[in-house]
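Visitor: curious how this folds, go ahead:
(one chain, ligands or ions: 2)
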Amino acid sequence: MPCFVINGGFPLHGEVQVQGAKNAVLPIMAASILNCGITVLTHVPRITDVADMKEILEYLGCRVDWYGDVLVIDAKCLDSCEIPGYLGQKMRSSIMLLGALLGRTGEAATYHPGGCSIGARPVDLHCRVLEALGAEMNVEDGRIFARAKRLRGGEIYLPFPSVGATENAVLAAVCAEGVSVIRGCAREPEIVQLCIFLNQMGAEIAGIGTGRLIISGRSCLHDTCYCVEGDRIAAATYLYAAAACTGKVTVNGVCPEYLISPLKALEKMGCCVETSRCAVRVGLTGRLKPLREVRTEVYPGFPTDLQSPMLTLMSLAEGKSVMQEDIFEGRFRTAQELVKMGADIVIEGNRAVVAGRGGLQGCEVTARDLRCGAALVIAGLAAEGTTVVSDCHHILRGYEDLPGQFRLLGGQIEEEIQET
Ligand SMILES: CC(=O)N[C@H]1[C@@H](OP(=O)(O)OP(=O)(O)OC[C@H]2O[C@@H](n3ccc(=O)[nH]c3=O)[C@H](O)[C@@H]2O)O[C@H](CO)[C@@H](O)[C@@H]1O
Ligand SMILES: C=C(OP(=O)(O)O)C(=O)O
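Guide: Ligands and ions are numbered 1, 2, ... in the order given. I've put the predicted structure just below:
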């Protein structure tokens, strides 16, 4: 099992180029099978979720070649519509293949997806949107079956703007007969990217970036080449680390507009934030101030994926902060790990009350999920002494060479293999 060994207490300075977005590239890879031909993706991050999605596409009969940051998917020979459990359960995004396989073959079978263990994460909304387009859904003992002789455009209403259910609705509607109107959509930048990619492939999606998408079904899509945008959550991870360790860090290749809420929070905590067209610089010279209250929301609100890194900052500030988690009911496991490092965090339902003490001490901690891992790495870089973060396979799911990027900024962090 990989672990990260961090010698903390050094300020971070310098620039990094951010990787392509995990949550954009995965649904786009799923979408590639809607075209009975070739898709070329560039700026693809070297993360294990991409490797796992590649394996699923290959299992389904596609040919996938990965050279550097370029992925070439040839979906001509797709010959299966069943994803086995050992592959589907590796990540959340395997569920995206339901809509894509239905659109391509009229049939799909998979298992309840994996991904971060941060709550129940049901798939009822995914089933509901596909049913609205004429699919027959069956969920039994963790297996999910979908079948549609013909997908028909329809009216879809999402009572909650689920990211994944919006993406599945879009994927299925693109090849359905007639027009679909999806109301109550999620508007995350990764959904915008999926829609732009699909339009580039010949789909007809209007209302992109709004809560109402209008999709005119197409019987045939074509080959395309698409460059994945920078990962806003990875970018914010480096910027939050600059705030935790003091110093000044520039992240290149990210759109600052996607980070308005996370950057506003940093400013309130005393950081200096500068932005240009596709770069963000964060600096801190004094001490972090507490943040009276921040709550996670759907985009453009404060992202739940930055809740754990923010808990680290709150622990390092001096004074009381409150973090409210309104998206995932089980996403406070990071708090238990930060407490081992000397943080004072009390969980009250969906609120974490943090009595910031101005510092943390290095010790052995466990990455319970992807962003928990990122939060603990930030904590380790800021803490006094040595921190060992174990179970780093979670971190490798979503971050490309996190230790290498932090070393570029002056952080002392190495990846080691821990005996199990
Ligand atoms: C691969 C990917 O893109 N993952 C992101 C995606 O996850 P994901 O697509 O799983 O997140 P959703 O937006 O679907 O989930 C949000 C909430 O809706 C609930 N829900 C969801 C679907 C459903 O059928 N029924 C239901 O009740 C979930 O349990 C959760 O409480 O968006 C989340 C919210 O921004 C991010 O944290 C994840 O990083
Ligand atoms: C929750 C996350 O990922 P996933 O949905 O892939 O589990 C995340 O990226 O923080």
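Visitor: and for the single nearest residue of the stretch 301-420 of the chain relative to ligand 2, the neighbour number?
Guide: For the stretch 301-420 of the chain, the residue closest to ligand 2 is D305, as judged by Cβ to the nearest ligand atom, at 4.0 Å. From N, CA and C alone the C-beta is placed, and that goes for glycine too. Using other Cβ atoms under 10 Å as the criterion, D305 is surrounded by 25 other residues.
Visitor: how about the one 4 residues further on?
Guide: When neighbours are defined as other Cβ under 10 Å, P309 has 27 of them.
Visitor: look up the closest residue to D344, ignoring the ones flanking it.
Guide: Excluding its sequence neighbours, the residue lying closest to D344 (Cβ to Cβ, 6 or more residues apart in numbering) is A355, at 4.1 Å.
Visitor: tell me the contacts of the residue of the stretch 301-420 of the chain closest to ligand 2?
Guide: Contact criterion Cβ atoms under 8 Å, 6 or more residues apart in numbering gives I233, R371 as the residues in contact with D305.
Visitor: next, the buried residues of stretch 65-84.
Guide: D69, L71, I73, D74, A75, L78, C81, I83 (16 or more other Cβ atoms under 10 Å).
Visitor: among these, which are in strands?
Guide: The strands, defined by DSSP state E, take in L71, I73, D74 from the buried residues of stretch 65-84.
Visitor: could you export those as JSON lines, including pLDDT and distance to G134?
Guide: Below are these laid out as JSON lines (pLDDT from 0 to 100; distance: Cβ to Cβ, whole Å):
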{"residue": "L71", "pLDDT": "98", "distance to G134": "31"}
{"residue": "I73", "pLDDT": "98", "distance to G134": "27"}
{"residue": "D74", "pLDDT": "98", "distance to G134": "29"}
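Visitor: closest one of these to C185?
Guide: I73 (25.6 Å; Cβ to Cβ).
Visitor: contacting residues for the nearest residue to V25 once chain neighbours are set aside?
Guide: Nearest-residue entry for V25: V228, 4.8 Å, with adjacent residues in sequence omitted and distances by Cβ to Cβ, 6+ apart. For V228, the contact set (Cβ under 8 Å, 6+ apart) comprises G20, A21, A24, V25, I28, L41, T42, H43, V44, P45, Q193.
Visitor: list only buried entries from these.
Guide: The buried subset of the contacts of V228 (16+ other Cβ under 10 Å) comprises G20, A21, A24, V25, I28, L41, H43, V44, P45, Q193.
Visitor: give me the subset of those lying in strands.
Guide: Those of these mapping onto strands are L41, per DSSP E.
Visitor: with respect to I182, which of the buried ones among the contacts of V228 is nearest?
Guide: Closest approach between these and I182, by Cβ to Cβ: Q193, at 16.6 Å.
Visitor: how close does the nearest residue to that closest one once chain neighbours are set aside get to R232?
Guide: For Q193, the nearest residue in space outside its immediate sequence neighbours is A24; the separation is 4.3 Å by Cβ to Cβ, 6+ apart. When distance is defined by Cβ to Cβ, to the nearest Å, A24 is 10 Å away from R232.
Visitor: now swap in I118 and tell me
Guide: According to Cβ to Cβ, I118 stands 18 Å off from R232.
Visitor: pick out whichever of these two has more residues nearby.
Guide: The residue with more neighbours, out of I118 and R232 and counting by other Cβ under 10 Å, is R232; that gives 28 against 25.
Visitor: wait, isn't that one in contact with P256?
Guide: No - when contacts are counted by Cβ atoms under 8 Å, R232 is not listed as touching P256 (9.4 Å).
Visitor: list the contacts of the closest residue to ligand 1 within the stretch 151-300 of the chain.
Guide: Ligand 1 sits closest to G164 of the stretch 151-300 of the chain, with a gap of 2.9 Å, by Cβ to the nearest ligand atom. Contacts of G164 were listed using Cβ under 8 Å, 6+ apart, and they are R92, S93, I95, M96, L125, H126.
Visitor: can you confirm it is in a helix?
Guide: Yes - note on G164: a helix contains this position according to DSSP: H, G, I helix; E, B strand; the rest coil.
Visitor: where's it relative to L284, distance?
Guide: Taking Cβ to Cβ as the measure, G164 falls 35 Å from L284.
Visitor: what does H393 give?
Guide: H393 sits 31 Å away from L284, going by Cβ to Cβ.
Visitor: looking only at neighbour counts, state which of those two leads.
Guide: Neighbour tally, H393 and L284, criterion other Cβ under 10 Å: the higher count belongs to L284, 23 against 14.
Visitor: R183 touches R212, doesn't it?
Guide: Yes - contact criterion Cβ under 8 Å: R183 and R212 qualify, at 5.2 Å.
Visitor: pick out whichever of those two has more residues nearby.
Guide: Neighbour totals were compared for R183 and R212, and R183 leads with 15 against 12 (other Cβ under 10 Å).
Visitor: measure how far the helix or strand hosting L125 is from the centre of its chain, please.
Guide: Using DSSP states H and E, L125 sits within helix 124-132. Computed by Cα atoms, centre = their mean, to the nearest Å, the chain-centroid distance of helix 124-132 equals 22 Å.
Visitor: repeat for stretch 96-110
Guide: Per Cα atoms, centre = their mean, the displacement of stretch 96-110 from the mean C-alpha position of its chain is 22 Å.
Visitor: residues making contact with that stretch?
Guide: Counting by Cβ under 8 Å, 6+ apart, the neighbours of stretch 96-110 from elsewhere in the structure are 26-27, 30-31, 33-34, 36, 56, 60, 75, 78, 81-83, 88, 94-95, 126, 130, 135, 143-151, 164, 167-172, 174-176.
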